[in-house]
Structures are given as C-alpha cells and as structure tokens.
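1. Next come a sequence and a model predicted from it.
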Amino acid sequence: MNVIDNKISYLMLLILSITMTCAILNADYKLGVPGTDRDLVNNLIQNKILPTEMKEILGSMKGFRNMVQTQ
C-alpha cells in the first residue's frame with residue numbers, strides 16, 4: 001500500500017466513525033429510526049444537536065466516500 005492509499009483508508013475510517021457517531025446520537029436522543037444517512041443528519045440538525053452548516057459538510061464527505069468506493 002502506498003501513502004495515498006493509506007490516507008484514503010484513514011479518511012474512509014473517519015467518515016465511517018462520523019456516521020456511526022451520528023447514529024449513536026440519534027439513538028441516544030431517541031430521534032426515531034432514520035431511513036438513510038441523510039435522515040440521521042437531518043434529525044440531529046432539526047433537534048439542534050448539530051449546526052445546520054454540518055449538513056453540507058457531511059454531504060460532501062458522503063460524496064467523497066461514494067466516489068472512492070466506486071473506484
């Protein structure tokens with residue numbers, strides 16, 4: 001594995017960790033069962049657990065994850 005592959009793997013783990021953290025927060029605050037990752041973020045934003053700016057940031061991270069997974 002080269003340095004770039006290691007960095008991409010690390011970023012993928014970070015994105016997964018953030019997604020799991022959102023899922024844990026959603027469950028702990030009993031915000032309902034989300035249908036998608038987007039629902040997780042929306043629940044947290046609507047309940048003022050995350051700031052609205054996070055929606056765009058997390059959406060970009062999800063796009064990056066999807067782009068890397070297809071390659």
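-> Okay, I see it.
2. Give me the pLDDT for the residue nearest the centre of the chain.
-> Centre of the chain computed as the mean C-alpha position; nearest residue by C-alpha atoms, centre = their mean is residue 19, 3.5 Å away. Here, the pLDDT recorded for residue 19 equals 89.
3. my read: it touches residue 40, true?
-> Yes. Counting by C-beta atoms under 8 Å, residue 40 is a contact partner of residue 19 at 7.4 Å. Where you see a C-beta, it was placed from the backbone N, CA and C, and this is true even at glycine.
4. which regions of this protein lie under the pLDDT threshold?
-> 1, 71 (pLDDT under 70).
5. hey, where'd the helices end up in this protein?
-> Ranges of helices in the chain, per DSSP state H, are 3-28, 37-46, 53-69.
6. most packed of the ones you listed?
-> helix 37-46 (a mean of 17; mean count of other C-beta atoms under 10 Å).
7. neighbouring contacts of stretch 50-61?
-> Contacts to stretch 50-61, defined as C-beta atoms under 8 Å, 6 or more residues apart in numbering, come from residues 15, 18, 22, 38, 41-42, 44-45.
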